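Asks: Quick one: sequence plus predicted model below, questions after.
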Amino acid sequence: MIRDEMTGEEDVQQARVGRLFRWHLRTYVMAMCVLVVANIIVGGGWWSFWPMCVWSIGFAFHFFYYKSVTVDEAWVQERSDDMRLRSYDLSHISDIEDRVDRRDASVRPSDERKV
């Protein structure tokens, strides 16, 4: 939804989702640090791997939800411009245009090609 068309309720929801995500991020980082330190102190292999893995999957879903809710028109425009600028190799398009101009058989519909 375009930012200018958002209602006050949607702004409040976006702010709430943002606060919850930032809280989850801080909690996640601190918990991962505590698990690693505890694992080093206690020893016995990397038993903290599975709790870290499960929480990381949950955090990834939360991140994707956060990003889907907080997308605005400026972000979309920025990503579109970035993708357009990264299209370095456009030679294949000029190659196709040249073949069309030459009426090459490879660009004609299959029913018009000679067998």
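Replies: Right, received. Where do you want to start? Numbers count the residues shown, from 1 in each chain.

Asks: per-residue confidence averaged over the helix or strand hosting Ile96?
Replies: Assigned by DSSP states H and E, Ile96 belongs to helix 91-101. For helix 91-101, the mean pLDDT works out to 84.

Asks: what about this protein, any weak spots by pLDDT?
Replies: Residues of the chain that meet the criterion pLDDT under 70 lie in 1-7, 87-89, 113-115.

Asks: redo that, cut-off 50
Replies: Within the chain, the segments meeting pLDDT under 50 span 1-3.

Asks: remind me, longest helix of it?
Replies: helix 8-42 (DSSP state H).

Asks: just checking, next helix/strand downstream of that one?
Replies: Note on helix 8-42: by DSSP H and E, the next helix or strand toward the C-terminus is helix 49-69.

Asks: sorry, back to before: run the chain-centre distance for the helix holding Ile96.
Replies: In terms of Cα atoms, centre = their mean, to the nearest Å, the centre of helix 91-101 is found 32 Å from the chain centre.

Asks: Tell me which residues of it come out buried.
Replies: Within helix 91-101, no residue counts as buried by 16 or more other Cβ atoms under 10 Å. All C-beta spots, glycine's among them, are computed from the backbone N, C-alpha and C.
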